[in-house]
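Enquirer: Got a sequence here, can you model it:
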Amino acid sequence: PLADPKDKLAVFQAVTAAGELVLEEKYAEAAARIESALRDEPMIPQALLVLSTCYVELGRNEEAKAKLELILKEDPESIPALISMANILLEERKNEDVIALCKRTLSLDERNTQAQMLIGEFLLGELKHGEALPYLERTVEIQPKVLRSRLTLAACLVGLKHYDRAEAELRLVIQEAPKFPLAFFNLGQVSLELIEPI
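Expert: The predicted structure follows:
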């Protein structure tokens, strides 16, 4: 028989309260709330996701991964769980696993900018600028207002010596955020490259 929705109200309230505590960076309190709620209802995906976030922030990565694995066992196509797992594995430098999870995510949602950015940033860190470029371009195309994405794309373009395009991206960042010091620094570097030697 299906559960009475009224019986789930306390669990829902606990998860909502925990989410608010996470926003306040009170991760230990949030984790305690959710752990209590999960004693009665151990398989609530949203609660497990929030709890995994708390565990990561508390330095309890193995427990975080265990909660995400529970979600993925029930729903292998849970994009939030796939991305959360990829972020943890990125910290652990398990790069091949990160790429595999991101590609799995993109096979489910080709417009997922988190997966696009994770792959792009990893390839950029490996100095594989040409391979990183399409992922970073796609990220900016899907979410043009995210300045971090434009800044990363500009870094990739500098690596490819596409200085004109890098300058255009950096000027867009500065236009949106005039007090963005890193954008000014990078623009200065690009400007130096564009100056023809005498």
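
Enquirer: what's the helix or strand for the residue nearest the centre of the chain?
Expert: Closest to where the C-alpha atoms of the chain average out (C-alpha atoms, centre = their mean) is Gln114, at 4.6 Å. Gln114 is located in helix 113-125, with elements delineated by DSSP states H and E.

Enquirer: in that helix, what counts as buried?
Expert: Using 16 or more other C-beta atoms under 10 Å as the test for burial, helix 113-125 gives 113-124. All C-beta spots, glycine's among them, are computed from the backbone N, C-alpha and C.

Enquirer: Save those residues as CSV, and put in pLDDT and distance to Leu136 too.
Expert: Below are the buried residues of helix 113-125 laid out as CSV (pLDDT from 0 to 100; distance: C-beta to C-beta, whole Å):
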residue, pLDDT, distance to Leu136
Thr113, 96, 10
Gln114, 96, 13
Ala115, 97, 12
Gln116, 97, 8
Met117, 96, 7
Leu118, 95, 11
Ile119, 96, 9
Gly120, 96, 4
Glu121, 93, 8
Phe122, 93, 11
Leu123, 94, 9
Leu124, 93, 7
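
Enquirer: Going by distance to Arg39, which of those wins?
Expert: Here the nearest of those to Arg39, counting by C-beta to C-beta, is Gln114; it sits at 30.9 Å.

Enquirer: Identify the residue nearest that closest one in space, chain neighbours excluded?
Expert: In space, and not counting its chain neighbours, Gln114 is closest to Ile83: 4.9 Å by C-beta to C-beta, 6 or more residues apart in numbering.

Enquirer: Same question for Asp109.
Expert: Nearest non-adjacent residue to Asp109, counting by C-beta to C-beta, 6+ apart: Ile79, 5.8 Å away.
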